[in-house]
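1. After the sequence you'll find the predicted model.
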Amino acid sequence: MTMKKKKIMFLCTANSCRSQMAEGFAKKFGKDLIKVYSAGLMTAGVHRRAIAVMKEVGIDISKQDSKEIDEELLRQMDIIITLCVNAEEYCPITPPGIKRIYWPIKDPVGTIGTEEDILKEFRRARDEIKEKVQKLIQEITT
């Protein structure tokens, strides 16, 4: 008997960084268990530094697309995870029966400093997201 794949959507402001990283990790760690989506309140393309720091851990998100929230698709999810205050506050109302989780992860986009300082913030966000995605998949499987 095969278990029905859970549908998970990761949401953030521009669907360029945090939600894209979460999508990449979820696809890698939960490939047989979940169907993964990501979206934003607006689109801004996948951030080049998010692509770079994900490549460092062996995950290529360069082919992922930045997408706006599709309310029809949103209603088909089992779990919706917001990764920032904007998405938590302005995401459409979560329909009944869909679990909503809030992961307030500080946005590395907009970090000021040297390139190394900026990449350090992207790595921090990446590692925080990785840990949360692994924990989520563990919860889904138990």
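-> That came in fine, so what should we check first? Numbers count the residues shown, from 1 in each chain.
2. C-alpha only now, for contacts and for neighbours.
-> Noted.
3. How much space separates the residue nearest to residue 95 when sequence neighbours are not counted from residue 7?
-> In space, and not counting its chain neighbours, residue 95 is closest to residue 75: 6.3 Å by CA to CA, 6 or more residues apart in numbering. Separation of residue 75 from residue 7 (CA to CA, to the nearest Å) stands at 10 Å.
4. for residue 49, same thing?
-> Applying CA to CA to residue 49 and residue 7 gives a distance of 27 Å.
5. ditto for residue 47
-> Distance, residue 47 to residue 7, by CA to CA: 24 Å.
6. tell me the strands in the protein, going along the chain?
-> For the chain, applying DSSP state E gives strands covering 6-12, 34-40, 79-82, 99-102.
7. Reformat these as CSV; add mean neighbour count.
-> Supplementary listing: those in CSV, determined by neighbours: other CA atoms under 10 Å:
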stretch, mean neighbour count
strand 6-12, 24
strand 34-40, 23
strand 79-82, 22
strand 99-102, 14
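8. Mind putting those strands into TSV with distance to residue 64 and mean pLDDT?
-> As requested, the strands of the chain are exported to TSV (distance: least, CA to CA, whole Å; pLDDT from 0 to 100):
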stretch	distance to residue 64	mean pLDDT
strand 6-12	13	94
strand 34-40	9	95
strand 79-82	18	95
strand 99-102	22	94
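9. want to throw those strands into CSV with distance to residue 140?
-> Shown next, in CSV, are the strands of the chain (distance: least, CA to CA, whole Å):
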stretch, distance to residue 140
strand 6-12, 8
strand 34-40, 9
strand 79-82, 10
strand 99-102, 12
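10. If anything else comes up later, I'll come back, but that's it for now.
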